[in-house]
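Colleague: Dropping the sequence and predicted coords here.
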Amino acid sequence: MNPDLLALCRLLSNRPRELTRLLQSRSPSEVLEQNTSLIVGDVLKLEVEQDVNWLSVEEHHLILLQDDDYPACLKQIHDPPYFLFGSGDRTVLTRYTERVAIVGARKASQYALKQAMSIAETLGRYSVLVVSGLALGVDAAAHEGALASGEATVAVLGSGCDQIYPRRHWRLAERILDNGLLLSEFPLRTPARPAHFPRRNRIVTGLSKATVVVEAALKSGSLVSAKLALAEGREVMAVPGLVTNQQARGCHQLIRDGALLIESGEDILKELGIGPGDSLDLFLGVPSLSPEQEKLLDLLEVGPVSMDALLPALELSIEDLTVAIVMLEVMGLVHSEGGRYQATQLRPSGGWEC
């Protein structure tokens, strides 16, 4: 890996268009020699050395604008990043011909989490790559749904590719890395900052043919993502919510402004021209449950149980327990009544009924 290029990526990480212009006809070393304002000091040399070491590890990548696998749709946005650090399976950028972004509220309702998971899982079952931002709420639910389909997902970070944010999602990030990809245009070891997320969002939508908004307030980052997608000529879709839910008002506004109203992953597939049509029979086989979900379902078969009562019996955080319950709800195996959860049907000793 060229140290001069890595130095330029650090020096001009906030100016992607300038970096692209400077490197159009000159080598990185020539750019550094001809621009005296770009100083490579000892601290920067140490940073670059650490970058080289990180990139020497298998499945750590620096993806450049001129690379063959740099996504063509991302090149078409107003200011495409000249470089992207990547961790995981780089081939997802070429393996999937269809990509859809799913974004939404961080403090999402259970309804929104369920919808995001269900939509993402449906898309994954038809080999549509789900792209999101690894944030709390809808983003995490979208990644979980995509993983539940057995397909890959891409998470675009608002921090360095080696800095998982929020920190509690480190386990989710590890699961994404099994066959998916983490991406970032920020140099390694860059912490998450508020100003980074709008830049992150333009990559999420820029990678995608369509952007789906699942629950968003009128003033939210998700609406910024939708506007970015519209500005780039991409399709925007929104999931309606309860009229009394302030978190759903952004989606309703998008629909009034012309966004497609969608109620399921099937609706998105129809818009993309994928799938058999009006009725998709997605759960033909035996549901695949993790050991944690199996144990949780065992507990829920005895009758309605509160979240507080479940926590002591399971070695899970409240966030992981919420995700596990919502996944079982998506499968139709669990339902809630008055804030308490129970199994929808008992499992026969011989296994699941198909």
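Modeller: That came in fine, so what should we check first?
Colleague: in the protein, which residue is closest to the centre?
Modeller: The geometric centre of the chain, computed from its C-alpha atoms, lies nearest to residue 132 (C-alpha atoms, centre = their mean), at 2.2 Å.
Colleague: Mind splitting the protein into its structural domains?
Modeller: In terms of domains, the chain is parsed into 1-56, 92-272, 291-343 (source: automatic domain parsing).
Colleague: Look up phi and psi at the residue nearest to the centre of the chain.
Modeller: Main-chain dihedrals, residue 132, degrees, to the nearest 10: phi -150, psi -170.
Colleague: Which residues does it form beta bridges with?
Modeller: Listed beta-bridge partners, residue 132: residue 155 (assigned using DSSP bridges).
Colleague: Please shift the residue numbers so they start at 17 in all later answers.
Modeller: In the new count, where the first residue is 17, that last one comes out as residue 148.
Colleague: and it, what is it in contact with?
Modeller: By C-beta atoms under 8 Å, 6 or more residues apart in numbering, residue 148 lies in contact with 117-119, 154-155, 158-159, 169-172, 220. (C-beta placed from N, C-alpha, C; glycine too.)
Colleague: Distance to residue 83 and mean pLDDT for the domains of the chain - can I get that in CSV?
Modeller: Listed next are these as CSV, based on distance: least, C-beta to C-beta, whole Å; pLDDT from 0 to 100:
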stretch, distance to residue 83, mean pLDDT
domain 17-72, 12, 91
domain 108-288, 9, 93
domain 307-359, 34, 77
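Colleague: Going by residue numbers, what spans are helices in the stretch 217-366 of the chain?
Modeller: 237-247, 265-272, 281-288, 307-316, 323-326, 334-346 (DSSP state H, counting those that start in this stretch).
Colleague: mind putting those in TSV, distance to residue 143 and mean neighbour count included?
Modeller: Shown next, in TSV, are the helices of the stretch 217-366 of the chain (distance: least, C-beta to C-beta, whole Å; neighbours: other C-beta atoms under 10 Å):
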stretch	distance to residue 143	mean neighbour count
helix 237-247	21	22
helix 265-272	26	20
helix 281-288	11	20
helix 307-316	24	16
helix 323-326	35	14
helix 334-346	19	20
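Colleague: between those helices, which one is nearest to residue 259?
Modeller: Closest to residue 259 of these is helix 265-272 (C-beta to C-beta; 7.5 Å).
Colleague: mind listing the strands for the chain?
Modeller: Applying DSSP state E to the chain gives strands spanning 76-80, 99-104, 115-120, 145-148, 169-172, 197-200, 226-230, 251-255, 276-277, 321-322, 350-353, 356-359.
Colleague: I'd like those strands written out as TSV, with distance to residue 17 added.
Modeller: Output for the strands of the chain, formatted as TSV (distance: least, C-beta to C-beta, whole Å):
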stretch	distance to residue 17
strand 76-80	7
strand 99-104	11
strand 115-120	27
strand 145-148	26
strand 169-172	22
strand 197-200	17
strand 226-230	33
strand 251-255	37
strand 276-277	43
strand 321-322	53
strand 350-353	48
strand 356-359	50
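Colleague: Looking at those, which is nearest to residue 314?
Modeller: Residue 314 sits nearest to strand 356-359 of all the strands of the chain, at 8.8 Å, using C-beta to C-beta.
Colleague: follow-up on the earlier one: now, of the domains of the chain, which is deepest in the fold?
Modeller: Among the domains of the chain, the stretch with the highest mean neighbour count (mean count of other C-beta atoms under 10 Å) is domain 108-288, at a mean of 21.
Colleague: gap between the two ends of it?
Modeller: 19 Å (C-alpha to C-alpha, to the nearest Å).
Colleague: which one's the longest helix in the chain?
Modeller: Identified as the longest helix of the chain according to DSSP state H is helix 126-141.
Colleague: now that one, how far from the centre of its chain.
Modeller: Centroid separation between helix 126-141 and its chain, computed with C-alpha atoms, centre = their mean, to the nearest Å, is 12 Å.
Colleague: ok now stretch 209-221, how far from the chain's centre?
Modeller: The answer for stretch 209-221 is 12 Å, by C-alpha atoms, centre = their mean.
Colleague: and that stretch, C-alpha only, in CSV?
Modeller: Extracted in CSV, the C-alpha atoms of stretch 209-221 (Å, rounded to 0.1, in the frame of the first residue of the first chain):
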residue,chain,number,x,y,z
ARG,A,209,-18.8,12.9,15.7
PRO,A,210,-22.2,14.5,15.0
ALA,A,211,-20.9,16.2,11.8
HIS,A,212,-19.9,12.8,10.4
PHE,A,213,-23.4,11.3,10.1
PRO,A,214,-24.7,13.5,7.2
ARG,A,215,-21.6,12.4,5.3
ARG,A,216,-22.2,8.8,6.3
ASN,A,217,-25.8,9.1,5.2
ARG,A,218,-24.9,10.2,1.6
ILE,A,219,-22.9,7.0,1.2
VAL,A,220,-25.8,4.9,2.6
THR,A,221,-28.2,6.3,0.0
